[in-house]
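A.B. asks: The following block contains a protein sequence and its predicted model.
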Amino acid sequence: QVQLVESGGGLVQAGGSLTLSCAASGGTNSTYAMGWFRQAPGKERDFVAGISWRGGNRYYAGSVKGRFTISRDNAKNKLYLQMNSLKPEDTGVYYCAASRILTVITTEYDYWGRGTQITVSS
């Protein structure tokens, strides 16, 4: 059983930057692919970025490509999401998740954190 806890959310102005962290425990996170998802009010939870367990492969949603960077530190059991040039449409609850394979499919992720809110003001 893997427990995931996100941190680093908050309120930021458009054009600003934030870095999210996700701490994993209760398992060996280096064996899992990891992903970030977000959910805006009234909308479905969408894939944002994913990274393979060794970090060699990374996927990004088109809406964040070039602005967000996903990374991981397996020695620290940590996952990160560096977010630059934030836009109001990036607002939502951001979740980290773990999966046996690197995928953009939400239902393929087995473990989820509780999420952290990001609000981008215009």
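C.D. replies: All right, it came through fine.
A.B. asks: Tell me where the protein is predicted with low confidence.
C.D. replies: Applying pLDDT under 70 to the chain flags residues 28-30.
A.B. asks: could you pull out the strands for it?
C.D. replies: 3-7, 10-13, 18-25, 33-39, 45-51, 58-60, 68-73, 78-83, 92-99, 111-112, 116-121 (DSSP state E).
A.B. asks: who wins for proximity to Ile105 among these?
C.D. replies: strand 45-51 (7.7 Å; CB to CB). Every C-beta, even on glycine, is put in place using the N, C-alpha and C of the backbone.
A.B. asks: rewinding a little: in a markdown table: the strands of the chain, plus distance to Ile105 and mean neighbour count.
C.D. replies: Converted to a markdown table, the strands of the chain look like this (distance: least, CB to CB, whole Å; neighbours: other CB atoms under 10 Å):
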| stretch | distance to Ile105 | mean neighbour count |
| --- | --- | --- |
| strand 3-7 | 18 | 17 |
| strand 10-13 | 29 | 13 |
| strand 18-25 | 19 | 19 |
| strand 33-39 | 10 | 24 |
| strand 45-51 | 8 | 21 |
| strand 58-60 | 11 | 17 |
| strand 68-73 | 16 | 19 |
| strand 78-83 | 18 | 22 |
| strand 92-99 | 9 | 23 |
| strand 111-112 | 14 | 18 |
| strand 116-121 | 22 | 16 |
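A.B. asks: now Val48: how far from Gly26?
C.D. replies: 23 Å (CB to CB, to the nearest Å).
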